[in-house]
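Asker: from the sequence below, what's the structure:
(4 chains)
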2 protein chains.
Amino acid sequence: MNFSIEQLQAFDAAAHTGSFSAAARRLGKAQSVISTAVANLEADLGVPLFDRSGRYPALTAEGKRLLLDARRIIEACANLQALSGEIAAGVEHRLTLAVDDTSHLPWLEPILGVFAERFPNVELELLFPLLDDQIAMLLSGRAQIGIGYEQTNAHKEIETRSIGMVRAPLFVAADHPLAAKKRVGRADLIKHRQIVITSRGGAPHHFDVLIASKVWRVEGDLAILELVKRGHGWAMLPEFLAEGPLGAGEIFRLQPDFIPELPVMRMEVLWHRPHAQGKAGIWLRDALIRRAAERN
Amino acid sequence: MNFSIEQLQAFDAAAHTGSFSAAARRLGKAQSVISTAVANLEADLGVPLFDRSGRYPALTAEGKRLLLDARRIIEACANLQALSGEIAAGVEHRLTLAVDDTSHLPWLEPILGVFAERFPNVELELLFPLLDDQIAMLLSGRAQIGIGYEQTNAHKEIETRSIGMVRAPLFVAADHPLAAKKRVGRADLIKHRQIVITSRGGAPHHFDVLIASKVWRVEGDLAILELVKRGHGWAMLPEFLAEGPLGAGEIFRLQPDFIPELPVMRMEVLWHRPHAQGKAGIWLRDALIRRAAERN
DNA sequence: ATATACCATCCAAAAAACAGATAGATGAAC
DNA sequence: GTTCATCTATCTGTTTTTTGGATGGTATAT
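Answerer: Residues are numbered from 1 along each chain as shown, chains lettered A, B, ... in the order given. From the prediction side, this is the model:
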């Protein structure tokens, strides 16, 4: 391993521009530097890279082949450079998100896609802890950013910011008896099974609208949606989640005549102020807030 | 791109051995060289790679991450080194084989596997030209090595070496009427369709044993085998090709009572003496000859 | 034929790499 | 607690390499 990165860069530039002089200009060096660099590289590798018989040096067949490998090295070096630059600038190695339910994945995914482009070297970790666990994870530093519905028992060191309101209408399966009615009254709802969200810890959800007498409690909105689709009862579901099945005609949106306004839930992003955020975390936080602002 | 390969090697060695002194000994340099190399690398990257608070330097988390990329660079450099060494030693970029029939692929493949390990950077090109074309390709330099059955009209500049004898018994489908007979006579064979090899140019095969009155002429032993399997007639097939289907009970080996000895074909490797062979070509040629010698 | 742009080579100056020496620090052994 | 071996950072003078400018020879276009 006698050659140097500068020699490889000279090789690459010369091959790319088609002349040693042009390569020198491009690299901001003297022509003699490129000339000797290439000559030394050839001596080190034991392979002639250019045919110098003409006015312009022409890549030999071997040179063409070796150029591929040389470029790979240069690229890997640029990569190391960029990565170390990121690290030096304070981009964290890993960012852990604590999302309070897998049901948020559909709308979250596009933002994560942009994140992946912007921070390709950051390991993204996605966890879906229950409500209380989410706060605990932020406090302990296990996760840096939380995403979920507004919580009543917020910790004073946990900072929150709204990232939008979500309406939660009532849904049943398209072939459910309730779906036949244009408008439903409280009495109708009481008669059929209601499916409500629950959490492993049993902590009461702040939006606890229990109406029916027959109840199933299910952990996670995705599971609730699945049960609703199959006709096991009616449930309150966030609009963004019901959108797809509603359009596909799998579920039906009830029109209760006794609820003046639709229940609305606040979505928020949470973080622990004492834990310093890395660049990637701050970017993601801001991206979530920005998205909410843009959608008014 | 300020860092050098030596610095990366020092980084790698230090991380590997766990001490700058040990790294120096391993690389055959002074300890101060490693110390300053690592320090300069850290300054260039803007990231501390080692925690020097203890007796031995300990990789930081960032160092651990960057080490992966550094190793990739070192590896790529070693690769370039190795490849250029091969090229300098006269290993050709591409080796073209002219095999006279795809039916040789089954026995040829293992040798090509060894070849791939020995010469991973050589592009292997496999062509299956007809008899006359094979010679023409060798003469023109389009192919460097030929493999096939012995030819009568050999060119004087084409060198050949035997790589074994192949017996070619007669086969029919297992459910063919002829398969019922313990021994078959010439009259039996005449009555049923014979399938013989032919070539696009129509040049006569030197082993032209036409017996039956009903004949199909087919280009390529693999196609003949397929037709025999499906009961379209009997044919002479090289033993190595018939082995599999024979074991599987798909075809049956005829016992002619009028042929004292089995027809034997000579397999040979060919090359054009005036065209200089590269290392890989010579290796493959010798491997084929060696294989024949080992099998007597 | 002339002009232009190219390359290899030479040269002196600047820069970098190097080994050895030294001093301070750490951890293991006693 | 002391000793001892071994570690790292840093300094130093020397050696080696790199650098840019100048020069001369050569290929191509006008």
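Asker: got a list of what A:S35 touches?
Answerer: Contacts for A:S35 (Cβ atoms under 8 Å, 6 or more residues apart in numbering or on different chains) come out as A:F20. Just so you know, the C-beta spots here come from the backbone N, C-alpha and C atoms, and that holds for glycine as well.
Asker: ok, the one 10 residues further on next?
Answerer: Contacts here follow Cβ under 8 Å, 6+ apart; on that basis A:L45 touches A:3, A:66, B:80-81, B:84-85, B:87-88.
Asker: same for the helix or strand harbouring A:R217, what does it pack against?
Answerer: Assessed by DSSP states H and E, A:R217 sits inside strand A:215-218. Contacts defined by 3 or more Cβ pairs under 8 Å, 6 or more residues apart in numbering or on different chains; DSSP states H and E place strand A:215-218 against strand A:194-197, helix A:221-229.
Asker: can you say which of the contacts of A:L45 are buried?
Answerer: Neighbour counting with 16 or more other Cβ atoms under 10 Å in any protein chain shown marks A:3, A:66, B:80-81, B:84, B:87 as buried within the contacts of A:L45.
Asker: filter the residues you listed down to just the ones in helices.
Answerer: Under the assignment DSSP state H, the buried ones among the contacts of A:L45 contribute A:66, B:80-81, B:84, B:87 to helices.
Asker: re the thing from before, would you turn the buried ones among the contacts of A:L45 into TSV with pLDDT and distance to A:D133?
Answerer: Below are these laid out as TSV (pLDDT from 0 to 100; distance: Cβ to Cβ, whole Å):
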residue	pLDDT	distance to A:D133
A:F3	92	54
A:L66	93	55
B:L80	93	51
B:Q81	92	52
B:S84	92	56
B:I87	91	59
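Asker: show me where chain A has helices.
Answerer: All helices of chain A, identified by DSSP H, fall at A:5-17, A:20-27, A:31-45, A:61-89, A:105-118, A:131-140, A:186-191, A:221-229, A:239-247, A:279-294.
Asker: restrict the buried ones among the contacts of A:L45 to contacts with DNA strand D.
Answerer: Counting by Cβ under 7 Å from any atom of the strand, nothing from these sits close to DNA strand D.
Asker: between those, which is nearest A:T36?
Answerer: A:F3 (12.7 Å; Cβ to Cβ).
Asker: circling back to that earlier point, mind checking the helices and strands packed on strand A:215-218 for the one nearest to chain B?
Answerer: Within these, the stretch nearest chain B is helix A:221-229; the backing value is 34.4 Å (Cβ to the nearest Cβ).
Asker: could you give the angle of that closest one to helix A:105-118?
Answerer: Orientation check (axes from the mean of the first three to the mean of the last three Cα atoms, to 10 degrees): helix A:221-229 against helix A:105-118 gives 140 degrees.
Asker: chain center to helix A:221-229, what's the gap?
Answerer: Put simply, helix A:221-229 sits 24 Å off its chain's centre (Cα atoms, centre = their mean, to the nearest Å).
Asker: give the buried residues for that helix.
Answerer: Under the neighbour-count criterion of 16+ other Cβ under 10 Å, helix A:221-229 has A:221-222, A:224-225, A:227-229 buried.
Asker: need the max-distance pair from those residues.
Answerer: Maximum pairwise distance among these (Cβ to Cβ): 12.3 Å, between A:D221 and A:K229.
Asker: hmm, A:V172 is touching A:V228, no?
Answerer: Yes - counting by Cβ atoms under 8 Å, A:V172 touches A:V228, with 6.4 Å between them.
Asker: okay, A:A276: pLDDT?
Answerer: With respect to pLDDT, A:A276 has a value of 85.
Asker: neighbours around it, how many?
Answerer: By other Cβ atoms under 10 Å in any protein chain shown, the residues close to A:A276 number 11.
Asker: also A:P245?
Answerer: 19.
Asker: now do the contacts for it.
Answerer: Contacts of A:P245 (Cβ under 8 Å, 6+ apart): A:225, A:229, A:251.
Asker: look up how far DNA strand D lies from it.
Answerer: For A:P245, the distance to DNA strand D equals 61 Å [Cβ to the nearest atom of the strand, to the nearest Å].
Asker: would you map out the domains in chain A?
Answerer: A:5-89, A:94-165+A:266-294, A:169-262 (automatic domain parsing).
Asker: would you reformat the ones you listed as TSV and include distance to B:G233?
Answerer: TSV is the format used below for the domains of chain A (distance: least, Cβ to Cβ, whole Å):
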stretch	distance to B:G233
domain A:5-89	49
domain A:94-165+A:266-294	62
domain A:169-262	59
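Asker: nearest to B:A187, of those?
Answerer: Taking the domains of chain A one by one with Cβ to Cβ, domain A:5-89 is closest: 61.8 Å.
Asker: which other residues reach stretch A:284-296?
Answerer: A:95, A:97, A:111, A:114-115, A:145, A:147, A:161-164, A:267, A:269, A:271, A:277.
Asker: weed out the non-buried ones from those residues.
Answerer: Neighbour counting over the contacts of stretch A:284-296 (16+ other Cβ under 10 Å) leaves A:95, A:97, A:115, A:145, A:147, A:163-164, A:267, A:269, A:271, A:277 as the buried ones.
Asker: JSON lines for those, including distance to A:L130?
Answerer: Putting these into JSON lines (distance: Cβ to Cβ, whole Å) gives the following:
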{"residue": "A:L95", "distance to A:L130": "21"}
{"residue": "A:L97", "distance to A:L130": "15"}
{"residue": "A:F115", "distance to A:L130": "24"}
{"residue": "A:I145", "distance to A:L130": "17"}
{"residue": "A:I147", "distance to A:L130": "14"}
{"residue": "A:I163", "distance to A:L130": "20"}
{"residue": "A:G164", "distance to A:L130": "22"}
{"residue": "A:M267", "distance to A:L130": "17"}
{"residue": "A:V269", "distance to A:L130": "18"}
{"residue": "A:W271", "distance to A:L130": "18"}
{"residue": "A:Q277", "distance to A:L130": "23"}
